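*Asks:* I would like the atomic coordinates for the input below:
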Amino acid sequence: MKKIEAYIRHEALEAIHDRLAAMGLPSMSVSEVKGSGRQKGFTESYRGARTTIFLRPKIKLEVAVNDGDVDRVVDVILELSHTGQPGDGKIFIIPVEQAIRVRTGERGEAVFEAHPE
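*Replies:* Modelled structure (predicted):
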């Protein structure tokens with residue numbers, strides 16, 4: 001099991017969500033975050049005062065998947081978030097030691113299976 005953390009531009013989120021849902025991987029967590037990378041800050045003026053903004057707004061997308069789905073998810077994120085410009089984001093793949101569904105107590109890869117209707 002792996003957790004994929006992707007820091008992406010806001011405009012890429014909807015397309016990524018739609019594509020992953022169509023692939024049968026609809027579960028994700030999304031947070032609005034700010035961060036700095038290698039891109040430089042930008043200067044803006046407000047009422048005559050100039051300030052440099054180093055923390056850029058991003059979306060943090062978290063998806064936990066079985067090992068066999070990692071490459072598919074990463075490929076979707078790369079395809080739909082790539083613009084070729086600085087600030088496209090980063091993807092991190094983190095091992096997940098255990099997953100537990102709180103409602104049923106199920107453990108392991110069964111947590112990623114769809115709920116029976």
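*Asks:* what packs against the longest helix along the chain?
*Replies:* In the chain, taking DSSP state H as the definition, the longest helix is helix 70-81. Helix 70-81 is packed against strand 2-8, helix 13-22, strand 56-65, strand 89-95, with contacts defined by 3 or more CB pairs under 8 Å, 6 or more residues apart in numbering; DSSP states H and E. Heads up, the C-betas are built off the backbone N, CA and C, glycines and all.
*Asks:* of all those, which one is nearest residue 80?
*Replies:* Among those, the nearest to residue 80 by CB to CB is helix 13-22 (4.6 Å).
*Asks:* which outside residues touch the closest one?
*Replies:* 8, 26, 28, 30, 59, 61, 63, 73, 76-77, 80-81 (CB atoms under 8 Å, 6 or more residues apart in numbering).
*Asks:* swap the cut-off to 6 Å and go again
*Replies:* 59, 76-77, 80 (CB atoms under 6 Å, 6 or more residues apart in numbering).
*Asks:* now it: mean pLDDT?
*Replies:* For helix 13-22, the mean pLDDT works out to 96.
*Asks:* strand partners of the least confident helix or strand in the chain by mean pLDDT, parallel vs antiparallel please.
*Replies:* The weakest-scoring helix or strand in the chain, judged by mean pLDDT, DSSP states H and E, is strand 42-46 (a mean of 76). Partner strands and pairing direction for strand 42-46 (DSSP bridges) are strand 49-53 (antiparallel).
*Asks:* picking that back up, next, format the helices and strands packed on helix 70-81 as CSV and append mean neighbour count and distance to residue 102.
*Replies:* Formatted as CSV, the helices and strands packed on helix 70-81 follow (neighbours: other CB atoms under 10 Å; distance: least, CB to CB, whole Å):
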stretch, mean neighbour count, distance to residue 102
strand 2-8, 19, 17
helix 13-22, 16, 22
strand 56-65, 19, 14
strand 89-95, 13, 20
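*Asks:* now for these, which one comes closest to residue 48?
*Replies:* Of all these, strand 56-65 comes closest under CB to CB, at 23.7 Å.
*Asks:* which residues sit against that closest one?
*Replies:* Contacts of strand 56-65 (CB under 6 Å, 6+ apart): 3-8, 10, 13, 28-31, 33-35, 73, 96.
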